[in-house]
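Trainee: Return a 3D structure for these sequence lines:
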Amino acid sequence: MDKLLAGKTVSVTEEGFMTEFSQWDRSIADAIAAENDVTLSARHWEVIDYIQTEYKNDAPLSIRKIGKSGVVDIKEFYQLFPVAPLKTATKIAGIPKPVSCI
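Mentor: This is a model prediction of the structure:
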């Protein structure tokens, strides 16, 4: 289905995860973050960059893996993305819902 984000039409799943990573940009990330009550800071962008790099390398994501990444620990990850951290972070990063998310 299509959704209007930051003035652009993007393809998303019923849960709001983007289906075409090539449509993602920072303005879309800001719009998704706003919908999820997250204001993106430099720390958020570091985590988003890490998540996107892992996605591009076909590496499966989990909260445990992010906590061991050296980019952010689990406590800070939950502070940055308080509600459903992995789902919210991956949605903002413009990648499909991780298999480890329910």
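
Trainee: from here on, contacts and neighbour counts on C-alpha atoms
Mentor: Noted.

Trainee: Give me the residue at the spatial middle of the protein.
Mentor: Nearest to the mean C-alpha position of the chain, counting by CA atoms, centre = their mean, stands Thr90 at 2.4 Å.

Trainee: List of residues touching the host helix or strand of that one?
Mentor: Using DSSP states H and E, Thr90 sits within helix 85-93. With CA atoms under 8 Å, 6 or more residues apart in numbering as the test, helix 85-93 has contacts from 16-18, 24, 28-30, 32-33, 36, 47-49, 51-52, 62-63, 77-78, 81, 96-98, 101.

Trainee: Distance from the chain centre to that helix, please.
Mentor: 3 Å (CA atoms, centre = their mean, to the nearest Å).

Trainee: Now the lengthiest helix in the chain: buried residues?
Mentor: For the chain, the helix with the greatest residue count under DSSP state H is helix 42-56. Using 16 or more other CA atoms under 10 Å as the test for burial, helix 42-56 gives 44-45, 47-48, 50-52, 55.

Trainee: Run through the neighbouring helices and strands of that helix.
Mentor: Contact partners of helix 42-56 among helices and strands, from 3 or more CA pairs under 8 Å, 6 or more residues apart in numbering; DSSP states H and E: helix 85-93.

Trainee: quick check: angle from the helix it packs on to helix 42-56?
Mentor: Orientation check (axes from the mean of the first three to the mean of the last three CA atoms, to 10 degrees): helix 85-93 against helix 42-56 gives 90 degrees.
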